[in-house]
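Student: Fold the following for me, if possible:
(chains A and B)
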2 protein chains.
Amino acid sequence: MENQKNYSLTEIGPMENITRVILRDTLSLTGAEISANRLPAGKASAFAHSHKRNEEIYLFTAGKGFFWLDGAIIPVREGSSVRVSPVCVRALKADESEPLSYFCIQVDEGSLVQATRADGIISDVKPQW
Amino acid sequence: MENQKNYSLTEIGPMENITRVILRDTLSLTGAEISANRLPAGKASAFAHSHKRNEEIYLFTAGKGFFWLDGAIIPVREGSSVRVSPVCVRALKADESEPLSYFCIQVDEGSLVQATRADGIISDVKPQW
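Tutor: Here you go, the predicted structure:
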């Protein structure tokens, strides 16, 4: 890992080799916890859960499965992107045929003030590649 | 898209078909802006940029390329995960041989209060799959 004041980097490798990797401490994140996860084929979350204050965003990158959300069962697959409010009770299950890979991003609900054009500053620097 | 009060879902499809998809408005995110991106082979960011207040986390999911960070050039590939502080000037370039796919997550620097065990609540509900 390379950890500088203004940036930090870690290599987690291909998603198909991951069980669970958490990035907050490794990358010194201050605005999010991020995990990379792979549920084995046919496996479900050990328990359903909700949150006290964190919004979660799930980005599914491979496989297929089902998302249990307050009693509704939603199919998910590569490309499914899901916001879950703190109070929502949630659990996941991978399809019997293949593992389900996803990133889970936890952030403080309501914490984003501005983004992209409102927050970005275009630099005069021209990188030399 | 399915947009309920306690959750919302959208299908962005496989990363290899994406140019740029932004999720904040689509998913009604309140704690993050998230984009899915693919830089074509050999292409670089149109400009370098920094941020006023947002920490960015880049999760590279396919391809390879280079991350210009305050003048340092760091190679990135599938599995590279990078935190960038607001003040850091950054730009990306995809390798000549293949496109570079990644998620970019913008969050308010310092906004995360607690996460995972400190924020999660295990539910007594047992989902019926």
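Student: Checking the residue nearest the centre of chain A next. Helix, strand or coil?
Tutor: Among the residues of chain A, the one closest to the centroid is A:Cys104, at 2.1 Å (C-alpha atoms, centre = their mean). At A:Cys104, secondary structure determined by DSSP: H, G, I helix; E, B strand; the rest coil is strand.
Student: From chain B, how far out is A:Ser45?
Tutor: Distance, A:Ser45 to chain B, by C-beta to the nearest C-beta, to the nearest Å: 8 Å. C-beta coordinates here come from the backbone N, C-alpha and C atoms, glycine included.
Student: That residue reaches A:Val89, doesn't it?
Tutor: No - between A:Ser45 and A:Val89 there is no contact under C-beta atoms under 8 Å: 10.9 Å.
Student: what sits opposite the residue nearest to the centre of chain A in the beta ladder?
Tutor: A:Ser35, A:Tyr58 (DSSP bridges).
Student: picking up where we left off before, give me the more crowded residue out of A:Ser45 and A:Val89.
Tutor: A:Val89 (19 against 15; other C-beta atoms under 10 Å in any protein chain shown).
Student: how about the helices in chain A?
Tutor: Along chain A, the segments classed as helices by DSSP state H run A:24-27.
Student: All the strands of it, residue numbers only.
Tutor: A:2-3, A:7-11, A:20-22, A:33-39, A:49-51, A:54-62, A:64-69, A:72-77, A:80-84, A:90-94, A:100-108, A:120-122 (DSSP state E).
Student: weakest of these by average pLDDT?
Tutor: The minimum mean pLDDT among those belongs to strand A:2-3 (a mean of 68).
Student: what sits against A:Leu92?
Tutor: Listed by C-beta atoms under 8 Å, 6 or more residues apart in numbering or on different chains, the contact set of A:Leu92 reads A:Leu39, A:Ala44, A:Ser45, A:Gly65, A:Phe66, A:Phe67, A:Trp68, A:Val76, A:Leu100, A:Tyr102.
Student: Just the buried residues of stretch A:57-75, please?
Tutor: A:57-70 (16 or more other C-beta atoms under 10 Å in any protein chain shown).
Student: My error: substitute stretch A:31-42 in the last question.
Tutor: Under 16+ other C-beta under 10 Å, the buried positions of stretch A:31-42 are A:Gly31, A:Ala32, A:Glu33, A:Ile34, A:Ser35, A:Ala36, A:Asn37, A:Arg38, A:Leu39.
Student: Go through those residues and name the one nearest A:Asn17.
Tutor: A:Arg38 (8.2 Å; C-beta to C-beta).
Student: from memory the closest one sits against A:Ile12, does it?
Tutor: No - using C-beta under 8 Å, A:Arg38 is not in contact with A:Ile12, being 11.2 Å away.
Student: Output stretch A:14-29 as CSV, nothing but the C-alphas.
Tutor: The C-alpha coordinates for stretch A:14-29 follow below in CSV (Å, rounded to 0.1, in the frame of the first residue of the first chain):
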residue,chain,number,x,y,z
PRO,A,14,-9.9,-9.2,-8.8
MET,A,15,-13.4,-9.4,-7.2
GLU,A,16,-13.6,-13.2,-7.9
ASN,A,17,-10.8,-13.8,-5.4
ILE,A,18,-12.3,-11.7,-2.6
THR,A,19,-14.3,-12.9,0.4
ARG,A,20,-14.5,-9.6,2.2
VAL,A,21,-12.1,-6.6,2.2
ILE,A,22,-12.7,-3.4,4.1
LEU,A,23,-11.0,-0.2,3.1
ARG,A,24,-11.7,2.5,5.7
ASP,A,25,-8.6,1.9,7.8
THR,A,26,-6.4,0.8,4.9
LEU,A,27,-7.0,3.9,2.9
SER,A,28,-7.5,6.3,5.8
LEU,A,29,-11.0,7.1,4.5
